[in-house]
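Q: here is the input, now give the coordinates:
(one chain, ligands or ions: 1)
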Amino acid sequence: MEKTFYITTAIDYVNQKPHLGTAYEKIGADCMARYKRLCGYDTYFLMGNDEHSINVEREAARREMDPLDYCREMADVFTGAWKALNISYDDFIQTTEERHVRAVTELFARIERNGYIYKGKYEGLYCESCEEFIVEKDLEDGLCPRHRQEPKKISEENYFFALSKFEGRLLEHIENNPGFIRPKTRENEIVNVIKGGLHDVSISRAGVEWGIPLPIDKGHAIYVWFDALTNYISALGFGGEESELFEKYWPADVHVIGKDITRFHCVIWPSMLMAAGMEPARSVFAHGFLSLAGEKMSKSRGNILDPEKMAGVFGADGLRYLLLREVPFDKDGDISTQSLVGRYNADLANELGNLFSRTLAMISKYLGGSVTPAPFDGGCGLHGVLSDAVAGYREHMERMEFSRALGAFWPSIQAANRFIEEKAPWTLAKDETKRDELEAVFRELLAVLRTAGSVLFPFMPEKMSAMLGRLGAGDPSLDELPPSESGAEGLSAPDPLFPRIQEKPEEIFKD
Ligand SMILES: [Zn+2]
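A: Sure, this is the predicted structure:
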């Protein structure tokens, strides 16, 4: 049977344009999706927009637009940004779509049929910006900690989901499935939350029109979170007549999300699925947050970076590489324009870019563009370091440790640059009798470049395709790395793959 891999990202509220934090999540997920495709998995990568939000309705009203038209327009804005960043999603779900409404309705019906929905009175606090009910103990100075805003007191008849019935099953599931919640720190948090006792959650709002009507009471709309979480199965055709995708890809292999929505994905979502008699996803990966020069990025601080603008400076692939290299995906981390420009010039322009340019330029100059193919094996100088680099890369990629995967591979690039200095091909080229030795040196360098083109492809798909093309190496592949044979013909000196950034970092993002 073919190996499948289903990966999703959080769906985004459409009341503001994508920012760097949102883009970071999609870039990480895309890197993983591309890696799994290279590993031979039949991969399905889902992204989408969360449209049933009161804030969306408000924003549409402010612009005097029909909310559906507004959502359509924002879907173009988001998908445009994702394409500009080389994000290779297979499907983009919008929660106002018919297929989604059908799936939410069906999931609700199953949970209700199994006896986990009841009507009750909700009295408590509600943050209008979170669109979440919030409990007293989570407030800071009486305010929602995320929005620094006072929650509203609400008292209404609501439908409830009997979340409290799932404490035991959730704990058992987490214990029996190591790695269900990654990283481990988030797992510990969730286990503590469950052990502290789960309360039933309200899953409907009375008198809300912008939402999916509750099947059993049309005076209510389904609570946004219940609605939003269901996107992961509605995109696969769940609840419809054609659900081959659902049969094939569910349960999802990984939901990639921000660490602030871990509870929804690790407590509520698996319980909803269990309540419906379905399998929970195999894992949830909660990435950390980026801060800019020591400060949290936020609208109010005015330091939100525009990913498309940044891609204009570093290139889409340059930006992808920098974000995934600078900050470990599972942790919070700080970036600055200085650190990004510094690393771009050091890693990409100098080390990788130069290795590629000078190797091809020398092969073209000294050998007329051809290196006779011959085995590349343990007898060669760079074989050992390259084998280790690939092994380290694979191990970290499997765990979505992108920064560490790059850190494990990079020594092979640096070793190749040192190898050039040591072997001094420009001297060997002056002696006709050293032609074999000269070819052997370039054979090793070509093996490193060909390997780099494949292992770095998930990070920099466009640049690495171009590099492999210039090497005459065809499509990226992780099947046989390092390659057992090395050589090439018809090579010529390329233009710089990563032109050096000359501007001062502080000038780059000035408006
Ligand atoms: Zn809030």
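
Q: so what's residue 476 up against?
A: Listed by CB atoms under 8 Å, 6 or more residues apart in numbering, the contact partners of residue 476 are 38, 453-454, 457, 464-465, 468. (Glycine included, C-beta is placed from N, CA and C.)

Q: show the pLDDT at it.
A: Residue 476 is assigned 97 on the pLDDT scale.

Q: ok, now how distant is it from the ion?
A: Look at residue 476 and the ion: by CB to the ion, to the nearest Å, they are 43 Å apart.

Q: now that residue: phi and psi?
A: When quoted as degrees, to the nearest 10, the phi and psi of residue 476 stand at phi -70, psi 150.

Q: grab the nearest non-local neighbour of the closest residue to the ion within the stretch 201-350 of the chain.
A: Residue nearest to the ion within the stretch 201-350 of the chain: residue 260 (10.6 Å; CB to the ion). Leaving aside its chain neighbours, residue 260 sits nearest to residue 146 (7.3 Å; criterion: CB to CB, 6 or more residues apart in numbering).

Q: which bits of this protein sit near the ion?
A: Listed as neighbours of the ion in the chain under the rule CB under 5 Å from the ion: 127, 129-130, 144, 146-147.

Q: narrow those residues to just the buried residues.
A: The neighbour count (16 or more other CB atoms under 10 Å) marks 127, 130, 144 as buried among these.

Q: those residues in strands, which ones?
A: Judged by DSSP state E, these include residue 127 as members of strands.

Q: any chance of a markdown table for the buried ones among the residues of the chain next to the ion, columns distance to residue 80?
A: Compiled in a markdown table, these are given as follows (distance: CB to CB, whole Å):
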| residue | distance to residue 80 |
| --- | --- |
| 127 | 31 |
| 130 | 27 |
| 144 | 32 |
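
Q: point out the least confident member of the buried ones among the residues of the chain next to the ion, please.
A: Minimum pLDDT for those is recorded at residue 130 (82).

Q: that one contacts residue 143, correct?
A: No - Residue 130 is beyond contact range of residue 143, at 11.5 Å (criterion: CB atoms under 8 Å).

Q: what sits against the nearest residue to residue 199 once chain neighbours are set aside?
A: Excluding the flanking residues, the one nearest residue 199 by CB to CB, 6+ apart is residue 164, at 6.2 Å. Residue 164 is in contact with 197-200, counting by CB under 8 Å, 6+ apart.

Q: which of those count as buried?
A: Buried subset of the contacts of residue 164 (neighbour count, 16+ other CB under 10 Å): 198, 200.

Q: model confidence for the closest residue to residue 230 other than its chain neighbours, exactly?
A: Leaving aside its chain neighbours, residue 230 sits nearest to residue 104 (4.7 Å; criterion: CB to CB, 6+ apart). pLDDT for residue 104: 97.

Q: so residue 118, which state does it fall into?
A: strand (DSSP: H, G, I helix; E, B strand; the rest coil).

Q: which ones are touching it?
A: 159-160, 162.

Q: what's the spacing between it and residue 230?
A: Look at residue 118 and residue 230: by CB to CB, to the nearest Å, they are 20 Å apart.

Q: now swap in residue 416 and tell me
A: Distance, residue 416 to residue 230, by CB to CB: 49 Å.

Q: show me where the stretch 151-300 of the chain has strands.
A: 152-161, 181-182, 201-202, 204-206, 213-214, 217-222, 254-258, 284-287, 290-292, 295-296 (DSSP state E, counting those that start in this stretch).

Q: return the most buried member of the ones you listed.
A: Among those, ranked by average contacts under mean count of other CB atoms under 10 Å, first place goes to strand 284-287 (a mean of 26).

Q: so what strands line up beside that strand?
A: Paired neighbours of strand 284-287 in the sheet (DSSP bridges): strand 181-182 (parallel), strand 254-258 (parallel).

Q: mean confidence score for that strand?
A: 98.

Q: quick one, strands of the stretch 301-450 of the chain?
A: Secondary structure of the stretch 301-450 of the chain (DSSP E, counting those that start in this stretch): strands located at 333-335, 371-375.

Q: got those as JSON lines, with mean pLDDT and mean neighbour count columns?
A: JSON lines is the format used below for the strands of the stretch 301-450 of the chain (pLDDT from 0 to 100; neighbours: other CB atoms under 10 Å):
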{"stretch": "strand 333-335", "mean pLDDT": "94", "mean neighbour count": "17"}
{"stretch": "strand 371-375", "mean pLDDT": "96", "mean neighbour count": "16"}
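
Q: wait, which of those strands is closest to residue 175?
A: Of all those, strand 333-335 sits nearest to residue 175, with 30.2 Å by CB to CB.

Q: show me what the closest one is packed up against.
A: Counting contacts by 3 or more CB pairs under 8 Å, 6 or more residues apart in numbering; DSSP states H and E, strand 333-335 is packed against strand 290-292, helix 316-326.

Q: can you show me the CA trace of stretch 172-189 as CSV?
A: What follows is stretch 172-189, C-alpha atoms only, in CSV (Å, rounded to 0.1, in the frame of the first residue of the first chain):
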residue,chain,number,x,y,z
GLU,A,172,-5.0,7.3,27.7
HIS,A,173,-4.6,8.5,24.1
ILE,A,174,-1.7,10.8,25.0
GLU,A,175,0.0,8.0,26.9
ASN,A,176,-0.5,5.4,24.3
ASN,A,177,0.7,7.6,21.4
PRO,A,178,4.1,9.1,22.2
GLY,A,179,4.6,12.2,20.0
PHE,A,180,0.9,12.9,19.7
ILE,A,181,1.7,16.4,21.1
ARG,A,182,5.0,18.0,20.1
PRO,A,183,7.1,19.5,21.5
LYS,A,184,7.1,17.7,24.8
THR,A,185,6.7,21.0,26.8
ARG,A,186,3.2,21.4,25.1
GLU,A,187,2.3,17.8,26.0
ASN,A,188,3.1,18.5,29.7
GLU,A,189,0.9,21.6,29.6
